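> Kindly return the folded structure for what I paste below:
(chains A, B, C and D, ligands or ions: 2)
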Number of protein chains: 2
Amino acid sequence: MLRVSKLTDYATVVMTCLVDGAGEVLSAQVLAERARLELPTVSKLLKQLAHAGLVLSTRGINGGYRLARDPAQITVADIVVAMEGPIGMTECSTRSGSCDHESHCGVRVNWQRINSAIADALASVTLAEMTKPAARRTGSIPVRVAVA
Amino acid sequence: MLRVSKLTDYATVVMTCLVDGAGEVLSAQVLAERARLELPTVSKLLKQLAHAGLVLSTRGINGGYRLARDPAQITVADIVVAMEGPIGMTECSTRSGSCDHESHCGVRVNWQRINSAIADALASVTLAEMTKPAARRTGSIPVRVAVA
DNA sequence: GCAAACAGTACAATTTTGGTCCTGTTTAGG
DNA sequence: CCTAAACAGGACCAAAATTGTACTGTTTGC
Ligand code: FES
Ligand code: FES
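Ligands and ions are numbered 1, 2, ... in the order given. Here you go, the predicted structure:
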C-alpha cells in the first residue's frame, strides 16, 4: 500500500506535541497523554528519535525530551528516516548487491530517480508546517522527477 | 523503509518486457524467462495486472498477455495501485475511521497532502519512460506539495 | 536513599509478504 | 473430439516485518 509504519505516523504526532510544548522538557508520560497514545509505545518511539538526534533527552527525575533543533529545521523526511531507515522505494535499487538481476534490470535506475524525488518531497515539508493543520497558506514546493 | 513490495518492483520489470515485446502476445512463460523471474511469481503478478486492467489476457493455447494501453498512457502509479491498492502513506489518514485519534489529530491533513504529492510524482512517470534507462533527456515534471 | 524517568533489550502476537501449488476453464490444432 | 498449452482463481505455507508490551538497568534531583 506504499505506506509508512504506524509508529512513524505516531512519531510525527508526538513531535508536533513537542513543538506545541514550546521548548519545554516533556516526559514520555505527558507526551503519551497529549498524543493519546500508550506510554510504552511513545517511549519506544522517543528512544528512536533520540538515537537519531532529532530530540534530546534528559535523564533522572524531572527528565524528559525536547526538540534538538528548530521545528523549521526538522523535516518529515528526517522523521521517516529516523523511524524506518533510509528511504528506498524498492529493495533492489537501494541495497546494491541484494538483487540477482541488477546487471540486466532496466528499471533500476528509474526507480532510483523516483526514489530521490519522493525523498525530496518528504524533505520539503518541515515539522513546523506539520503543526499548522488548518492554515490556508498554500506555499508549494516544486519537486522534480527527472525521468530518463 | 518506505518501499513498494518486491512484487510491485517485479511488476514494473515485467511490464517493461511487455513494452519491449511491441504489442506481441507473450505468455507468462516467456515473460518469466525475459525478466529472469520464476514462472509462478510472474504468473501471479500478471493476474493482478490483468485484474486491474493494465494488461489484456488471451486464454488457450498460444495465449498470453499484452499491454492494455499505450506505454505512455500507463504510469508507475497505475502499477503500484494495481499491485498494492490505493496509495496511502499512513494507515490513519486514508482509511477513515480506522484510527481513534482522527478527531484530535493535527497531522492527518498534512499527511494527506504529502500523500497526494507522492501519488502525483508516481503518476508523472510513464511506463514508456521506465524503459529508457540510459537516455539523457531529463524532462522534469514539477510536483507541488501544498503545505499547510 | 528513594523515586521518577530515560536506556537498552528482549519478547510474543499479529499481520504482511513472498513464493508455490492445485484445480478448473478456455482454445488452437491435429 | 481430444489433447496440450496457457490463463483464472484460489488455497496454502514459510518467512519476515510490524505492533505492542515488558523487564532490567542507570541516571538524577530531592
Ligand atoms: S534491481 Fe532487482 S529487479 Fe531491478
Ligand atoms: S489520524 Fe491516526 S494518528 Fe493521526
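
> And the closest residue to residue A:71 other than its chain neighbours, how close does it get to residue A:52?
Spatially, and ignoring its direct neighbours in sequence, residue A:71 is nearest to residue A:128 (3.9 Å; C-beta to C-beta, 6 or more residues apart in numbering or on different chains). Quick note: C-beta positions are derived from backbone N, CA and C, even for glycine. Distance, residue A:128 to residue A:52, using C-beta to C-beta, to the nearest Å: 18 Å.

> Residue A:68: what's it in contact with?
Residues in contact with residue A:68 (C-beta atoms under 8 Å, 6 or more residues apart in numbering or on different chains) are A:53, A:54, A:55, A:56, A:74.

> my guess is the third one meets residue A:66, correct?
Yes. Using C-beta atoms under 8 Å, residue A:55 is in contact with residue A:66, at 6.6 Å.

> so what sits against both of these two?
Jointly contacting residue A:55 and residue A:66 under the rule C-beta under 8 Å, 6+ apart are residue A:18.

> more crowded one of those two?
Neighbours per residue, other C-beta atoms under 10 Å in any protein chain shown: of residue A:55 and residue A:66, the larger number sits with residue A:55, 25 against 15.

> hey, what's the more buried one bridged with?
residue A:67 (DSSP bridges).

> got a pLDDT number for residue A:12?
Per-residue pLDDT puts residue A:12 at 95.

> which ones are touching it?
Residues in contact with residue A:12 (C-beta under 8 Å, 6+ apart) are A:76, A:79, A:127, A:130, B:107, B:111.

> Please report how far the residue most central in space within chain A lies from residue B:59.
Centroid check for chain A by C-alpha atoms, centre = their mean gives residue A:79 as the closest residue, at 1.8 Å. Residue A:79 sits 49 Å away from residue B:59, going by C-beta to C-beta.

> Repeat that for residue A:123.
Residue A:123 sits 48 Å away from residue B:59, going by C-beta to C-beta.

> before we move on, the earlier item: so the residue nearest to the centre of chain A is in which element?
Using DSSP states H and E, residue A:79 sits in helix A:76-84.

> name the helices or strands packed onto that helix?
For helix A:76-84, the packing partners by 3 or more C-beta pairs under 8 Å, 6 or more residues apart in numbering or on different chains; DSSP states H and E come out as helix A:6-20, helix A:39-51, helix A:108-123, helix A:127-130.

> Right, I'll leave it there.
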